[in-house]
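# Here is my input, please return the structure:
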Amino acid sequence: MITEEGSCGAWQRVPEEIAIRLDDVPGAAYEVPSEVTCALQQGHPDNHMAVLQGWGNEEVWLSWSAPRTITAPGCRAEGMTCLLPTGHQGHHYVIMADVVEDEGPYWVADRADLDTRRAGVPGG
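Numbering: from 1, shown residues only. As a prediction, the model looks like this:
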């Protein structure tokens, strides 16, 4: 399992009954994984989180110290495409959805932080 630099990366097996429930969601965006790693920033407080499924503007996340799921819209702070749910702790984990072959995702505090970070990336 690959963990992005700066990500927590705590591992969790997806409970089979949860995976089965999410396998046949109409308009599903993902294949439900059998195991996940935490997508939050390394050193985050509280529970770990990993996306399991998405449709439309909603996503289902596994949140654990004890496994459970939540349904929440994706974070779109300041017009950025953050790969975490709305209300997450810590920095945003963003991609540039309108940029082909973007170097991201990036851990950033806000849009100004993203702009500064991208200015230092060759070709950015």
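
# Tell me the first helix or strand C-terminal of the helix or strand containing Trp61.
For Trp61, the host element (DSSP states H and E) is strand 58-64. Toward the C-terminus, strand 58-64 is succeeded by strand 68-73 as the next helix or strand (DSSP H and E).

# and Asp24, how many residues sit next to it?
Residues within reach of Asp24, counting by other C-beta atoms under 10 Å, total 7. For glycine as for every other residue, the C-beta is placed from the backbone atoms N, C-alpha and C.

# Kindly report the same for the one 3 residues further on.
A total of 8 residues lie near Gly27 under the criterion other C-beta under 10 Å.

# Within the sheet, what are the partner strands of the helix or strand bottoming out on mean pLDDT in the chain, with directions?
Ranking every helix and strand in the chain by mean pLDDT, DSSP states H and E puts strand 68-73 at the bottom, with a mean of 80. Note on strand 68-73: by DSSP bridges, its sheet partners are strand 58-64 (antiparallel).

# Need the residues that contact the partner strand.
Residues outside strand 58-64 that contact it (C-beta atoms under 8 Å, 6 or more residues apart in numbering) are 12, 14, 18, 22, 36, 47-54, 68-74, 85.
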